[in-house]
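Asks: Have a look; sequence and predicted model below, questions after that.
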Amino acid sequence: MDVPEQTSDAVLDSVVVGAGQAGLAASWHLSRRGIEHVVLDAEAHAGGAWQHRWDSLGMDDVHGVADLPGSPAPRTSARPANVVVPDWFADYERSHDLPVVRPVHVDRVEDEDGLLVVRAGERSWRTRTLVNATGTWTRPFVPYYPGASAFAGEQLHPADYPGAEHFRGRRVVVVGGGASAVQLLGELAPVTDTLWVTRRPPVWRDRFDAAAGLAAVTAVEERVRRGLPPASVVSVTGLALRPQEQEAARLGAYDRLPVFARVEPHGVRWADGRYEPVDVILWATGFRAAVDHLAPLRLRGPEGGIALLPVRGDVQGATTAARDPRVQLVGYGPSASTIGAPRAGRRAALAVARLLADGEAAAS
């Protein structure tokens, strides 16, 4: 496929920003419908956020990877996930001749005379619609705690996690109540001393069926529909220990403490005066949606989130920005998971096709 590196007078039907799982799925569905588009990816190589995951993360450790359209996801492998999934994405791009341009870091998206202009430095692309698939990996979230800037030890986020061996012999406090905290404690506790702190007591589940999954995604969709900042889908599903985390459980790694009140140079202190010396703070405190480049479009509402139009009968199908139907967000809110993203890519392509058809009808 002849991929436009940038456009000047030409106007594309759509631009997809991001070539992770959601972006690739959207591109495949756009291509199937004959919609002229380009996929702009900030990474130098295929693989999205997967290429930056830690080396010890195997395919048996990830929380499910959905199939891409026409290509089943790799299930097991002796190689790490940060190799297996990027290889799969790269092969997918080649085999389906998807119009990916990289590396392109999109700075902003603006409205000019009824068209969307996607800008990346000196380059720009003019388009009738936009599919935003930038995910969250580039926006790790670390909360503010008094004294954190004076901590003499090391502070990391899972986005920077170098593997368990890096921490051997060092006391680590893991902050956060999500699945990533549980998984990292499972790796760390057998090799070093750990503490686990969370803002709320963790909710453990014995099983997770389709009904529970629907309830969790519905809760996230409700927030997005109201224009609230989206909560993680994983954050509302509850926690479960896998076989590889049982040794950490035996060692007491999941005996949770409430979050400390402040950080001191060599440890953390609670409001009641309790003090624990630590060498490392691992902030497993999640990510935020990477949507700052959309700020010129003023999509956020007064509640701080980007409201999406609901889709009747499909809580994971909400992708259309309520304030600007030209913009589709995939991997945002209810579709922000490796399971929901490909489905959202299809919904976004359908919405783009309908908008373009409506525009042609109005012009005729």
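Replies: Okay, I see it. Numbering: from 1, shown residues only.

Asks: quick one: contacts for the residue nearest to residue 147 when sequence neighbours are not counted?
Replies: Closest residue to residue 147 in three dimensions, ignoring its sequence neighbours and counting by Cβ to Cβ, 6 or more residues apart in numbering: residue 263, at 4.0 Å. The C-beta positions use only the backbone N, C-alpha and C, and glycine is treated the same way. Contact analysis of residue 263 by Cβ atoms under 8 Å, 6 or more residues apart in numbering lists 145, 146, 147, 148, 150, 151, 269, 281.

Asks: PyMOL command to pick out the buried ones of the residues you listed?
Replies: Only the buried entries of these go into this PyMOL selection, using 16 or more other Cβ atoms under 10 Å:
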select buried, resi 145+148+151+269+281
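
Asks: now, among the contacts of residue 263, which is nearest to residue 25?
Replies: Distance to residue 25 across the contacts of residue 263 (Cβ to Cβ) is lowest for residue 281, with 36.2 Å.

Asks: from the chain's centre, how far out does the helix or strand that contains the residue nearest to residue 147 sit?
Replies: Under the criterion of DSSP states H and E, residue 263 resides in strand 262-264. Centroid separation for strand 262-264 versus its chain: 29 Å, with Cα atoms, centre = their mean, to the nearest Å.

Asks: Kindly report the same for stretch 146-155.
Replies: Remark: stretch 146-155 is offset 27 Å from the chain centroid, using Cα atoms, centre = their mean.

Asks: and it, how far apart are its ends?
Replies: One end of stretch 146-155 sits 14 Å from the other (Cα to Cα, to the nearest Å).

Asks: and residue 116, what does it touch?
Replies: Residue 116 touches 15, 109, 110, 126, 127, 128, 129, 130, 297, 326, 327, counting by Cβ under 8 Å, 6+ apart.

Asks: Which of the contacts of residue 263 fall in strands?
Replies: Among these, the members found in strands (DSSP state E) are 269, 281.

Asks: from the chain's centre, how far out does stretch 281-292 sit?
Replies: From the chain centre to the centre of stretch 281-292 is a distance of 9 Å (Cα atoms, centre = their mean).

Asks: hmm, back to that, now the residue nearest to residue 147, which residues is it bridged with?
Replies: residue 268 (DSSP bridges).

Asks: any idea how far residue 62 is from it?
Replies: From residue 263 across to residue 62, the span is 31 Å (Cβ to Cβ, to the nearest Å).

Asks: Same question for residue 186.
Replies: Residue 186 is 13 Å from residue 62, by Cβ to Cβ.

Asks: ok, those two, which is more surrounded?
Replies: Counted by other Cβ atoms under 10 Å, residue 186 and residue 62 do not tie: residue 186 has more neighbours, with 22 against 16.

Asks: How about that one, nearest residue that isn't a chain neighbour?
Replies: Distances taken as Cβ to Cβ, 6+ apart place residue 245 nearest to residue 186, at 3.5 Å, with adjacent residues excluded.

Asks: Tell me if I am right that that neighbour is in a helix.
Replies: Yes - Residue 245 sits within a helix when classified using DSSP: H, G, I helix; E, B strand; the rest coil.

Asks: count of neighbours near it?
Replies: Neighbours of residue 245 (other Cβ under 10 Å): 21.

Asks: swap in residue 11?
Replies: The number of residues packed near residue 11 is 12, by other Cβ under 10 Å.

Asks: can you tell me the average pLDDT over the lengthiest strand in the chain?
Replies: When the chain is parsed with DSSP E, its longest strand is strand 123-132. Mean per-residue pLDDT for strand 123-132: 97.

Asks: Use 480 as the first number from now on
Replies: With the count now opening at 480, the last piece we talked about shows up as strand 602-611.

Asks: by contact count, what packs against whichever helix or strand comes after that strand?
Replies: Sequence-wise, the next helix or strand downstream of strand 602-611 (DSSP H and E) is strand 633-635. Using 3 or more Cβ pairs under 8 Å, 6 or more residues apart in numbering; DSSP states H and E, the elements in contact with strand 633-635 are strand 759-762.
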